[in-house]
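[1] Give me coordinates for this.
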Amino acid sequence: AGASRPQNQRVAFAEPLASFELPDGTKVSLNSNSKLFFPKKFKGGTREVTLEGEAFFDVEPNPTKPFIINAGNAQIKVLGTSFNVNAYPGSDKVEVIVETGKVHVARKTTNTSAISELILAPGDKGILLYSNGVLQKSKNNDDNFLAWKTHNLIFRETSLGDVITTLEKVYKTDIDIADDEIKKLLLTGQYNDYSLDFILEVIASTLHLEVEKKGNRFFLYKES
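    Prediction:
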């Protein structure tokens, strides 16, 4: 599937976010600028969809009918579980992070020099690198991998540079730091479904900074 709509398929497009239910009862949260192609009714022995972008799936269990996601050069197969898939067009990888259950991830290429499939358990992260077709498995250490969906953020002695990168991704905005030294400051805190304006004000107060908003952009400075 490409950007065009496959024949006899429905397409869900998220701008900025969308949550909905598929014909089999599977619940999907779709991140902004993402598309999900799916049939009006799942037929045959599988439940197959195509993702362009990022989504969180809570798959309705059905041991006799696997749920299959085509995402770039990766194919993800499950029976009933919850997990996040990041596969934006133009990205250099497909990323899968499992919350519950087990997930089978396979690459669609035929390069036998690399691992062709992975089995991921809760807390695992699987990455398919497009550059060499390699599948990598590791433990997920990103507390905020679902923050785009929940807006719940956790930072544990995290550099402000990394905090800002996370906030830009979650809130789809630009945040500029005037001084590179500021990026090295460490932040510990938890923010549960707060506005970006409030979070930045708290960060500025905690780290003795000043925050300014110009249009849709934010700027962080040292206190004058």
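[2] Local confidence estimate at the nearest residue to residue 210 once chain neighbours are set aside?
    In space, and not counting its chain neighbours, residue 210 is closest to residue 221: 4.7 Å by CB to CB, 6 or more residues apart in numbering. Where you see a C-beta, it was placed from the backbone N, CA and C, and this is true even at glycine. Among the per-residue scores, residue 221 shows a pLDDT of 92.
[3] cool, residue 224 as well?
    pLDDT, residue 224: 74.
[4] returning to what we had before: I'd say the residue nearest to residue 210 and residue 175 touch.
    No - if you go by CB atoms under 8 Å, residue 221 and residue 175 don't touch, sitting 11.9 Å apart.
[5] residues in contact with stretch 128-140?
    With contact meaning CB atoms under 8 Å, 6 or more residues apart in numbering, stretch 128-140 is reached by 72-74, 91-94, 97-98, 105, 107, 109, 111, 114-118, 120, 123-127.
[6] Output it as PDB, nothing but the C-alphas.
    Extracted C-alpha coordinates of stretch 128-140, given in PDB (Å, rounded to 0.1, in the frame of the first residue of the first chain):
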ATOM      1  CA  LEU A 128      13.900  -2.700  11.500                       C
ATOM      2  CA  LEU A 129      16.600  -0.600   9.900                       C
ATOM      3  CA  TYR A 130      16.000   0.100   6.300                       C
ATOM      4  CA  SER A 131      19.700   0.800   5.500                       C
ATOM      5  CA  ASN A 132      20.700  -2.800   5.900                       C
ATOM      6  CA  GLY A 133      17.400  -4.700   6.600                       C
ATOM      7  CA  VAL A 134      18.600  -5.700  10.100                       C
ATOM      8  CA  LEU A 135      16.100  -6.400  12.900                       C
ATOM      9  CA  GLN A 136      17.200  -5.400  16.400                       C
ATOM     10  CA  LYS A 137      15.700  -6.300  19.700                       C
ATOM     11  CA  SER A 138      16.200  -4.500  23.000                       C
ATOM     12  CA  LYS A 139      14.500  -3.500  26.200                       C
ATOM     13  CA  ASN A 140      12.500  -0.400  25.900                       C
END
